[in-house]
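[1] Turn this into a structure:
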Amino acid sequence: MLRCRRALANHAYSRYVSSCGKFDYDLFTIGAGSGGVRASRIAAGHGASVGVADDLAVGLGGTCVNVGCVPKKLFAYGSELPTEVKDGEGFGWNFTSQAPPDWQSLIQNKDKEIARLNGIYEKLLAGAGCDVHKSRAELVDNHTISLFEGSKTVTAAKILVAVGGWPSMPDIPGKEHLISSNEAFYLKNAPKHAVIAGAGYIAVEFAGIFHGYGAHVDLCIRKKKFLRGFDDDIAAFLQEQMIQQGVSVRPCTQIQKVEEAAGKEGWFDVTFDNGETVQADVVMSAIGRRPKLEGIGLDRAGVETSEKGFIKVDRYQRTNVHNIFALGDCTDTLQLTPAALAEGHCFADTQFGGNERFADLEDVATAVFSHPNIGTVGLSEKDAEKKYGHIKVFKSDFRPLKHTMTQSTERSIMKIIVDAKSDRVVGMHMVGAHAGEMMQGFAAAIKCHITKKQLDSVIGIHPTSAEEFVTMRTMAYEKGKVE
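    Presented below is the predicted three-dimensional model:
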């Protein structure tokens, strides 16, 4: 009951009155990913006694820190360097080394950085006064949690499920030879020929990463275009850019089976549904992710899930069980780390801080760390027309200044979508270098309901690509206009 005594001692400085005495904890969080950690430490800061359990399947910090956003961005940085070296020739540099990349050095340095971040997450929880249980946890009922660490049970007034998601894998012959994005960060060698199945951002990003590190890449997508849900022009533009770079994009193609290649250890014969076979040393599935809810006892606690397997929650993260909450990728929300962070913070403030609020998930900016990057915020052209009817579209397709001095054929595209009736900017999209960095600032403007007139009044920073967003004054076309 140490945690309870501490909470009772501190509650005079908090709006939250502890339930200690009746339960071991005021809050018990299952899952120490980004959202779970944020919710736990904020709740503890409000005076709640908090326990956190994580099975360490990937490590403290969850997918993002260990096998997601952070290592992916590090790999993306590394994969861009050969192009930067080549571009250097146009600026007077001549790097003649043809040595292959030291893949093991990449992995070791990545592991060192991730271990540092794992330590930071553990210190954040401990510093906030949370008990950290490095153990698988299951619900026994709506107030009781079974911990495999030491085979013990604990009780809590409120329970938060924040277990995240896990890669989905296709059920095909030879599926045991496939890797997911989890394993991609621990490959022993840089791939020479990678076959990737998937059309989402994970597949697209790893196609760029492996290609940048020297692999031939076959990207197999079920339909004609990848990145469903993104603006059509943006997705099509990136797809064409990647093809020009040498990525083999195979539309309307799925992997039918994978077999070990005869006489070539570590290589596989990959057969597509059109009958064609290629050989590859890495075969990766990036066809989607599912909530990681198997065996955690939701049925015993009476927690309802959707047809797709996500925990059903309202905007305050409440499930159908009054004291059980859920957030992040195990719910049907935006599958983005910042969304989970916002949900966790709002949950803690509402339940323990006396400040009722929920995560506002409209106009959330996001990026795809492809080559080149995508940055996007707001509605796609299709969704904007559906919502507002009459829209105006502004577009610019150009060669960035940097590449006027290189042999690169890389181009950028920017797109602004405006509600014609109100003049409000409802979508901004870009393909180009540093698009993610650029879009964060424009996301703040869209969140504040900036109009096209206001955007046009901004004086640009010259010479930058970003200034194109504030100098696009000629409409490309409009849709939905009532004659």
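
[2] quick one: low-confidence parts of this protein?
    1-15, 17, 19-20, 483 (pLDDT under 70).

[3] If we ignore the residues flanking it in sequence, what's nearest Ala359?
    Leaving aside its sequence neighbours, Ala359 sits nearest to Ala342 (C-beta to C-beta, 6 or more residues apart in numbering; 4.0 Å). To be clear about C-beta, it is placed using only N, CA and C from the backbone, and glycine gets the same treatment.

[4] Would you verify that that neighbour is located in a helix?
    Yes. Under DSSP: H, G, I helix; E, B strand; the rest coil, Ala342 sits within a helix.

[5] Going forward, count from 81.
    With 81 as the first residue, the last one maps to Ala422.

[6] Give me the neighbour count for it.
    Counted with other C-beta atoms under 10 Å, residues neighbouring Ala422 total 22.

[7] again, but for Gly540
    Counted by other C-beta under 10 Å, the residues lying close to Gly540 total 12.

[8] Tell me which residues touch it, please.
    Contacts for Gly540 (C-beta atoms under 8 Å, 6 or more residues apart in numbering) come out as 546-548, 550-551.

[9] Including neighbour count, could these go into TSV?
    Output for these, formatted as TSV (neighbours: other C-beta atoms under 10 Å):
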residue	neighbour count
Ala546	19
Glu547	14
Glu548	19
Val550	17
Thr551	14
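
[10] Give the helix, strand or coil label for Ile187.
    Going by three-state DSSP: Ile187 is helix.

[11] Note down every partner strand of the lengthiest strand in the chain and its orientation.
    In the chain, taking DSSP state E as the definition, the longest strand is strand 232-241. With DSSP bridges as the test, strand 232-241 is paired with strand 105-110 (parallel), strand 224-227 (antiparallel), strand 404-406 (parallel).

[12] Flag every buried residue along that strand.
    With burial defined by 16 or more other C-beta atoms under 10 Å, the residues of strand 232-241 counted as buried are 234-241.

[13] list the helices and strands the following helix or strand past it packs on?
    Next in sequence after strand 232-241, counting helices and strands by DSSP states H and E, comes strand 245-247. Here strand 245-247 touches strand 369-371, going by 3 or more C-beta pairs under 8 Å, 6 or more residues apart in numbering; DSSP states H and E.

[14] Distance of the nearest residue to Asn354 once chain neighbours are set aside relative to Leu240?
    Leaving aside its sequence neighbours, Asn354 sits nearest to Thr333 (C-beta to C-beta, 6+ apart; 6.6 Å). From Thr333 over to Leu240 the distance is 41 Å, taken as C-beta to C-beta, to the nearest Å.

[15] now do Ser226
    Distance, Ser226 to Leu240, using C-beta to C-beta: 16 Å.

[16] Ok, Thr224 next?
    According to C-beta to C-beta, Thr224 and Leu240 sit 15 Å apart.

[17] can you check Gly199 too?
    Gly199 is 23 Å from Leu240, where distance means C-beta to C-beta.

[18] Same check on Val165?
    The gap separating Val165 from Leu240 is 47 Å, by C-beta to C-beta.

[19] quick one: contacts for Ala236?
    Applying C-beta under 8 Å, 6+ apart, we find Ala236 in contact with 103-108, 131, 223, 225.

[20] how about 6 Å then?
    When contacts are counted by C-beta atoms under 6 Å, 6 or more residues apart in numbering, Ala236 touches 103, 105, 108.

[21] likewise Arg553?
    Arg553 makes contact with Asp536, according to C-beta under 6 Å, 6+ apart.

[22] repeat that with 10 Å
    With contact set as C-beta atoms under 10 Å, 6 or more residues apart in numbering, Arg553 has these partners: 474, 532, 535-536.

[23] For ChimeraX, what selects the buried ones among those residues?
    To isolate the buried ones among these in ChimeraX, judged by 16+ other C-beta under 10 Å, type:
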select :474,532,535
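
[24] Tell me the one of the contacts of Arg553 nearest Arg216?
    Of all these, the one sitting nearest Arg216 is Leu535; the distance, using C-beta to C-beta, is 50.4 Å.

[25] Tell me which helix or strand the closest one sits in.
    helix 532-536.

[26] Which strands and helices lie in contact with that helix?
    When contacts are defined as 3 or more C-beta pairs under 10 Å, 6 or more residues apart in numbering; DSSP states H and E, helix 532-536 sits against strand 471-478, strand 492-499, strand 505-511, helix 515-527.

[27] isn't Met485 right next to Gly170, touching?
    Yes. Met485 lies in contact with Gly170 (C-beta atoms under 10 Å); the separation is 4.1 Å.

[28] Report the set of residues contacting both of these two.
    By C-beta under 10 Å, 6+ apart, Met485 and Gly170 have no common neighbours.

[29] With Asp409 as the reference, measure out to Ala264.
    The gap separating Ala264 from Asp409 is 18 Å, by C-beta to C-beta.
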